[in-house]
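K.L.:
Generate a structure from the sequence data that follows.
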Amino acid sequence: MASVLVAEDDQDHQRLIAGVIRRLGHDVTVADDGRAALVAAAHRRPDLVVADVDMPEMDGLQLCRALHRDPVFANVPIVLVTALSMTDERRLRESGATAVVHKPFTLQQLSSALTPFLDAVPAPESDHPPLLQAPAMEPVFVEALLQSADTGLTACDTTGRMIMLNSVVRGFFGGDSADVPLKEWPERFALRHHDGSPLHADDLPMTRALAGEVVEHAGLLANDRRGHPRWLTINARPVRDEDGEVVGAVAAIHDITVEYKSRLYQACTTEVLKALAESRSAAEAHQEVVRTVGGTLGWRYVRLWLVDPVTGRLRVEATYTGPNEQSLPVPASIARGQGLAGLCWQRGELVWVPDIHAEDAPILPEVVAGSRFRAAGAVPVRSGEHITGVLTFFSYDPQEPEPALAVLLTGVAGSVGAHLQQHRADDLEHHLAAATDEYIALVGHELRTPLTSIGAYIEMIAEAPELSPDLRGLAEVVDRNSRRLRSLIDQLLDLAALDGGHLSLLSGRVDLTELVETAVVAARGPAAERGITVETNLAPAVTVIGDLGRLRQVVDNLLDNAVKFSHGDSTVTVQLAGDDEAVVLRITDTGIGLPGENRPALFRRLYRGDNVRHSGIAGNGLGLALCRAVVEHHQGTITLSPEQPCGTAVTVRLPSTPG
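P.N.:
Residues are numbered from 1 along each chain as shown. Model (predicted):
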């Protein structure tokens, strides 16, 4: 039996991967991020590591490099799981990963990827000496161990009386917290769920443990002794006597504030990018940004100031006010160095104000007088080398200059500045197209993750022997449509990467004659089923320099279109010729033809002509757009023209490779 360490922050995928490994008969340890995985590996050396790439704190690539730097783990195989596009293949290889599994994956694909590494683990030898039994520890040692742990540890009896709190818990809740009965903790310490809703006494993990429940990863939000919100997770379990009766409960409290905020900041960044990509105007984008920042981070008041090019002063461009919150007084304009926004503009750097009521706080008097906020901050918005605005925020919670939040605010301000610069640039259309590509990649990544769960779990449902034939048919429909959606997402991301210039093509000598012959053989099967003949006229040994896989993709798409849009008992003709300057591939059919008025738009992504859209012929409008992108990356051209008396001719011209 192999020992496998799974590092995955998505709980659904974590259970899915762990379940597959256990079905294969092996032991699993799970970790929620890269740092936790390093700790788990130090406690028990794994035989295999399976890690998601996109994790907070330490991602899968960083974990891979950290393990390989340690001689103890240098030979441990690491399988990376990712929903990132193929554009990051180089980074995955450079990390030293042994193998990569791309989302969405099926159960069979995951099992096939892991089985070779699991089977390679040698069976344990039977003649190992027995482990030495540790002597029973004296109470003084137990107490020292509990107080030296950096995890909060606590225990109570059946009445809810706290009988043990280690130094971590006392330091967090105060030295007198041991005297507070368990049922009074929610009100005494203002305990909440992670979403901020009140936590009742019956929901406390230790109360649930006293009822016999084993509680794992229960979320809890509390303020520490300085008033800072801290996000905690708690594992609790009942303590039973020899007769199985519950005599108390114990709990371990983990502070996950750093991890929680990391996920929160990542979500904020994602939402800001979406707001900028989806907004139809600069004003709408700015309003969405302040709303997103305020709503995601829990700030009740956020302002965006922009420099007025006429007066040279800051003016409010957008404001977010939280629910049931009164607006703060706002001057018509602010000069450089005046108030919080003016000071940030003057310094050109992030400004923190832990207490806006302090005597030296750079807050306008009218704002201080009419505000119950506690802390504030400001970050400059840059457009190129110039500061074009300031983003300010106000919060009831203490805000300190933590590095992760500073990075987030700087990134948000940078995104706003870049958006401003894009709107002012002469090549606005080009920049908006690039933003659309990034947005497609972002949405595709977010869609691939749930699609993995949908596809894998529907497979598990379909395997259930008790499933009725009717339900099995429904499961097949879900599976078929999830595969179709996955194919569409893959093509969209592929096209976005090509159009955005983020994908490098392989370069090598390609025998185009052989490539076309192979593609034609594959196309003749579906064509013959409809009575369509595929004829060829190919010059021998026509070669080009390019990407073999991508060029095959072009030929397959064009042949598929020619067959798909042809009538039964017709002919598709494939011609290939070349000289010392150019290679010409021409594919003609006698099908439904081209609508003249829509012809220029046929190479746009997701576009389908009027004569096709209502014909019932399957398609998604991505094939020709993908062909255009690949051909242009090969410095070639692709054109469409009507074929007389009916049909279509597609002509691809590529630079030739003499000899």
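K.L.:
only C-alpha atoms for contact and neighbour calcs from this point on.
P.N.:
OK.
K.L.:
for this protein, which strand is longest?
P.N.:
strand 229-240 (DSSP state E).
K.L.:
mind listing what's buried in it?
P.N.:
230-239 (16 or more other Cα atoms under 10 Å).
K.L.:
One more: stretch 384-399?
P.N.:
387-395, 397-399.
K.L.:
quick one: which of those residues sit in strands?
P.N.:
Reading strands off the buried residues of stretch 384-399 with DSSP E, I get 387-395.
K.L.:
Averaged over its residues, which helix or strand of this protein has the lowest pLDDT?
P.N.:
Within the chain, no helix or strand scores below helix 610-613, which has a mean of 50 by mean pLDDT, DSSP states H and E.
K.L.:
Need the buried residues of stretch 384-399 in TSV (columns: distance to residue 46).
P.N.:
Shown next, in TSV, are those (distance: Cα to Cα, whole Å):
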residue	distance to residue 46
387	51
388	52
389	51
390	49
391	47
392	47
393	46
394	47
395	45
397	42
398	42
399	40
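K.L.:
what's the closest of those to residue 38?
P.N.:
residue 399 (30.2 Å; Cα to Cα).
K.L.:
sorry, back to before: TSV for the buried residues of stretch 384-399, including pLDDT?
P.N.:
Shown next, in TSV, are the buried residues of stretch 384-399 (pLDDT from 0 to 100):
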residue	pLDDT
387	89
388	88
389	90
390	92
391	91
392	91
393	89
394	89
395	84
397	74
398	67
399	65
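K.L.:
residue boundaries of the helices in the stretch 151-300 of the chain?
P.N.:
Ranges of helices within the stretch 151-300 of the chain are 167-173, 185-188, 205-210, 257-278, 282-297, based on DSSP state H, counting those that start in this stretch.
K.L.:
Point me to the helix or strand that includes residue 484.
P.N.:
helix 469-499 (DSSP states H and E).
K.L.:
Then residue 16?
P.N.:
helix 11-23.
K.L.:
The closest residue to residue 265 other than its chain neighbours: neighbour count?
P.N.:
Spatial nearest neighbour of residue 265, excluding adjacent residues (Cα to Cα, 6 or more residues apart in numbering): residue 408 at 6.3 Å. For residue 408, the neighbour count with other Cα atoms under 10 Å is 16.
K.L.:
is it true that residue 408 touches residue 267?
P.N.:
No - between residue 408 and residue 267 there is no contact under Cα atoms under 8 Å: 10.5 Å.
K.L.:
related to what we said a few turns ago, closest one of the buried residues of strand 229-240 to residue 21?
P.N.:
residue 235 (24.0 Å).
K.L.:
Next one: residue 417 from residue 308, what distance?
P.N.:
15 Å (Cα to Cα, to the nearest Å).
K.L.:
more crowded one of those two?
P.N.:
Higher neighbour count among residue 417 and residue 308: residue 417, with 21 against 15, using other Cα under 10 Å.
K.L.:
The more buried one: what's it in contact with?
P.N.:
Contact analysis of residue 417 by Cα atoms under 8 Å, 6 or more residues apart in numbering lists 381-384, 388.
K.L.:
re the thing from before, show me what the helix holding residue 16 is packed against.
P.N.:
Using 3 or more Cα pairs under 8 Å, 6 or more residues apart in numbering; DSSP states H and E, the elements in contact with helix 11-23 are strand 3-7, strand 27-31, helix 107-119, helix 428-463.
K.L.:
Any idea which of these has the lowest pLDDT on average?
P.N.:
Mean pLDDT across these is lowest at helix 428-463; the value there is a mean of 69.
K.L.:
Tell me the gap between the helix or strand harbouring residue 41 and the middle of its chain.
P.N.:
Per DSSP H and E, residue 41 falls inside helix 34-43. Centroid separation between helix 34-43 and its chain, computed with Cα atoms, centre = their mean, to the nearest Å, is 22 Å.
K.L.:
Same question for stretch 203-217.
P.N.:
32 Å.
K.L.:
Average pLDDT for that stretch, rounded please.
P.N.:
91.
K.L.:
With stretch 342-350 instead?
P.N.:
In the prediction, stretch 342-350 has an average pLDDT of 91.
K.L.:
Okay, buried residues for it please.
P.N.:
Under 16+ other Cα under 10 Å, the buried positions of stretch 342-350 are 342-345, 348-350.
K.L.:
ok, now stretch 640-648?
P.N.:
640, 642-643, 647-648.
K.L.:
Could you identify which of the helices of the stretch 151-300 of the chain is most buried?
P.N.:
helix 205-210 (a mean of 24; mean count of other Cα atoms under 10 Å).
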